[in-house]
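Asker: Sequence plus predicted model, see below.
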Amino acid sequence: MTNTGDVALHDRVRVHAHEYSEHVKLAFVQLAEVWQDLETTAEQQKTDLESTFKAALNTWTDAVGRAKDQQQQVRSSIQQMLAQMMEAKEALGADDPSAEAELQRLQGSRSAHKTLRAWQKDVQVKASYWEKCRLQRVAEYEDLQARILALRKLCGLGAMPAADKPDISKANMVFLKLELERLSAEKERREDLLRRLLAELHSVCDDIGEDVKAAAAEVHPNLVYMWDEEAAKVLRDVYKLSSTYTSGSTGGMIDLSDSSISRLSAKLGAMKDLKASRAAHAAELLGVLHSLWDATEVPAEERAHFVKLMSGPLRLHGRSLEKCMSEVRRLEDVRTQQMVDLVNSKGAELRAMCRESHVAEPAGLVEALTAINSEDRNPGAAAELLAKLLHMLAEVQVLTGKRSNIIAAIKEVEAAQQEDAWLAAYEVDEQRYKGRDANKKLQRAIKAAKVRDRLPAMLADVRVMLDEWRESEGEPFMYDGKDYQFEVLDVLAADVEEKAAARAAKAARSASSRRQSVIGSSNSGTSIMSPGPARGAATPGRAGAPPRPASAVGSPGARRADGPATPIPLRSVSSKTLHDRHSICVVRYVAWLMPNMGACTGCVGFVAVHCVLSVHGLPVALALHWPCALL
């Protein structure tokens with residue numbers, strides 16, 4: 001049966017050949033006319049025709065060549081598909097003899113096919129089938145490899161050695177499936193172990209009041225889902241869907257490796273150790289609390305809360321221990337304050353004793369007391385300082401007893417010094433006989449004079465004591481940080497001697513002045529003064545000394561006919577009476593003196609009157625200046 005397409009093609013060729021011959025004839029006629037018009041030579045015409053014929057022939061030759069090239073491409077594609085089929089069968093491990101025979105038949109000849117294109121289509125169908133089989137096997141292989149890799153990573157195992165190309169053979173696929181089953185069983189075993197460890201960790205954390213989720217998260221963030229049933233169910237479903245064991249919320253894998261199990265075991269051990277340490281700490285805290293309660297005398301009703309807390313199920317919780325620690329710190333502060341108060345008391349006692357015995361304070365005592373009263377004080381330092389203070393007090397008490405006699409003698413010397421200084425000030429005070437307490441001051445001056453007289457002997461006694469101390473103790477007697485014998489006593493003795501010499505010289509000058517005054521009064525007969533010729537000469541027209549009144553004879557302040565009034569005795573006489581009588585005596589003396597004096601030539605307006613009184617053996621010099629107008 002003739003193919004319809006072939007018949008149409010032959011008809012088209014015959015039609016084209018007829019049209020082509022007609023077209024060539026017409027072209028020749030036209031060329032002849034053009035050549036004639038152009039006067040083209042025959043040779044040139046021949047050359048043009050040959051080139052035209054050659055071009056036409058080449059066109060058909062090229063068409064044949066292109067057709068053959070296309071035929072060869074089809075043959076090459078068939079060979080390539082056949083090679084791919086062979087590789088796919090080898091990769092899949094297909095050992096079917098019929099398939100191999102079919103491949104040989106397809107490669108051997110095309111007798112079973114009418115055309116090359118039909119053969120290509122048949123080979124393409126077969127190649128597509130085997131490629132589909134290969135791709136399915138590759139997808140299965142990759143899925144197995146991914147699941148195996150995920151399980152090995154989940155269990156902390158190293159990855160399998162990488163192959164040069166995927167082995168999708170049937171034997172290798174069976175091996176991969178067995179490996180997947182083994183790893184799944186290992187995963188289940190590790191999960192059971194982690195669940196047991198987490199359950200034990202949960203129990204320990206409940207006992208000590210710690211957050212089990214936080215403890216598990218320290219090992220791995222997703223371990224918390226292992227003992228959470230709902231989360232574990234979600235994870236199993238996600239694992240089945242995604243072929244990777246991950247958490248649905250975070251996407252992080254749960255670590256089932258040996259290191260994770262080791263860390264969880266170490267965390268469990270640490271929590272057990274913490275539980276044991278807290279149990280010991282709780283027992284110790286309770287003992288400390290009882291001792292502090294007894295020391296600070298805390299009533300039973302205040303203790304009941306802590307006793308109940310430390311004997312109940314919450315006794316190992318951190319908050320319970322912190323409450324007990326707060327109570328311990330409070331009681332320690334109270335105890336420390338009591339001890340600091342005692343330290344301050346003993347410190348003040350020690351410093352007072354050092355001041356009384358004039359012993360230098362121990363070095364660093366003030367700094368230690370300041371430090372113990374600061375905010376960062378501690379009971380240990382307070383107890384240590386208290387022990388030192390008690391030891392220092394005992395030493396200072398012994399030393400004070402040994403120094404008591406010398407200290408008493410020194411105190412007596414210092415009291416004598418004070419009286420001497422007061423007496424010196426009293427002797428130069430011009431107002432000492434005035435005032436309501438003049439007699440009291442006078443009595444003190446008498447006693448002070450006696451004490452001043454005994455001061456050298458007292459200094460000598462102290463020196464003997466200091467010598468005996470130096471000989472017995474082998475060191476000088478220190479008084480307020482000074483060597484009392486050489487730095488104080490010698491200076492004081494020299495000062496006393498100097499003052500005594502000054503007083504003796506002053507007394508000698510006063511005695512000499514009194515003698516000269518008495519001698520002058522006896523010679524003049526009218527005055528104890530010697531103001532000069534102008535004042536010593538008798539003034540014409542003035543009478544002599546006034547007659548002595550009978551009432552004044554034998555009375556205090558009575559005047560002698562040839563001199564001033566006699567000293568007024570001070571016994572049974574008050575200070576006011578003494579002052580009044582002394583003034584009357586001076587006025588009478590001046591009243592007697594002025595009529596016997598000559599004219600006051602060159603007088604400056606005042607008359608000076610000097611007299612010396614004897615008060616209980618103490619010479620008192622008086623100097624009065626009277627205006628001439630009053631006289």
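Answerer: Cool, got the structure. Residues are numbered from 1 along each chain as shown.
Asker: hey, let's count contacts and neighbours off CA atoms from now on
Answerer: Fine.
Asker: Buried residues in stretch 504-518, which are they?
Answerer: The neighbour-count check on stretch 504-518 (16 or more other Cα atoms under 10 Å) flags 510, 514, 517-518 as buried.
Asker: Show me what the mean pLDDT comes to for that stretch.
Answerer: Stretch 504-518 carries an average pLDDT of 84.
Asker: Only C-alpha atoms, please: export that stretch in CSV.
Answerer: The C-alpha coordinates for stretch 504-518 follow below in CSV (Å, rounded to 0.1, in the frame of the first residue of the first chain):
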residue,chain,number,x,y,z
ALA,A,504,65.1,86.2,147.9
ALA,A,505,66.6,89.1,145.9
LYS,A,506,63.3,90.9,146.0
ALA,A,507,62.9,90.4,149.7
ALA,A,508,66.5,91.7,150.3
ARG,A,509,65.7,94.8,148.2
SER,A,510,62.5,95.4,150.1
ALA,A,511,64.2,95.0,153.5
SER,A,512,67.0,97.4,152.4
SER,A,513,64.4,99.9,151.2
ARG,A,514,62.5,99.7,154.5
ARG,A,515,65.7,100.2,156.5
GLN,A,516,66.6,103.2,154.4
SER,A,517,63.1,104.6,154.8
VAL,A,518,63.2,104.2,158.6
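Asker: And it, how far out from the chain middle?
Answerer: Put simply, stretch 504-518 sits 81 Å off its chain's centre (Cα atoms, centre = their mean, to the nearest Å).
Asker: for stretch 459-478, same thing?
Answerer: Taking Cα atoms, centre = their mean, the mean C-alpha location of stretch 459-478 is offset from the chain mean by 54 Å.
Asker: quick one: contacts of it?
Answerer: Residues outside stretch 459-478 that contact it (Cα atoms under 8 Å, 6 or more residues apart in numbering) are 359, 406, 409-410, 413, 483-485, 489, 493.
Asker: now that we have the residues you listed, which one has the most neighbours?
Answerer: Ranked by the number of neighbours (other Cα atoms under 10 Å), the contacts of stretch 459-478 place residue 413 first, at 23 neighbours.
Asker: Shouldn't that one be within a strand?
Answerer: No: assessed with DSSP: H, G, I helix; E, B strand; the rest coil, residue 413 is helix; it does not lie in a strand.
Asker: quick one: it and residue 498, what's the gap?
Answerer: Residue 413 sits 17 Å away from residue 498, taking Cα to Cα, to the nearest Å as the criterion.
Asker: same check, this time on residue 19
Answerer: 173 Å.
Asker: Take the buried residues of stretch 504-518 and keep only those in helices.
Answerer: 510, 514, 517-518 (DSSP state H).
Asker: Next SSE downstream of the helix or strand that contains residue 273?
Answerer: Assigned by DSSP states H and E, residue 273 belongs to helix 258-296. Downstream of helix 258-296, the first helix or strand assigned by DSSP H and E is helix 300-309.
Asker: just checking, what packs against that next one?
Answerer: With contacts defined as 3 or more Cα pairs under 8 Å, 6 or more residues apart in numbering; DSSP states H and E, helix 300-309 has no helix or strand neighbours.
Asker: Tell me what angle it forms with helix 258-296.
Answerer: Between helix 300-309 and helix 258-296, the angle comes out at 170 degrees (axes from the mean of the first three to the mean of the last three Cα atoms, to 10 degrees).
Asker: can I assume residue 434 sits in a strand?
Answerer: No: per three-state DSSP, residue 434 lies outside any strand segment and is coil.
Asker: how much space between it and residue 330?
Answerer: Per Cα to Cα, residue 434 is found 68 Å from residue 330.
Asker: quick revisit: tell me what the helix holding residue 273 is packed against?
Answerer: Judged by 3+ Cα pairs under 8 Å, 6+ apart, the packing partners of helix 258-296 are helix 170-208, helix 212-219, helix 318-357.
Asker: mind listing what's buried in the shortest one?
Answerer: Within helix 212-219, the residues scored as buried using 16+ other Cα under 10 Å are 212-213, 215-216, 219.
Asker: what's that helix packed up against?
Answerer: Counting contacts by 3+ Cα pairs under 8 Å, 6+ apart, helix 212-219 is packed against helix 170-208, helix 258-296.
Asker: Among the ones you listed, which comes closest to residue 479?
Answerer: With Cα to Cα as the measure, helix 258-296 is the member of these nearest residue 479 (42.2 Å).
Asker: That closest one vs helix 170-208, what angle?
Answerer: With the same axes, to 10 degrees applied, the angle from helix 258-296 to helix 170-208 works out at 0 degrees.
Asker: and the helix or strand in which residue 393 is found, average pLDDT?
Answerer: Using DSSP H and E, residue 393 maps to helix 379-427. For helix 379-427, mean pLDDT rounds to 85.
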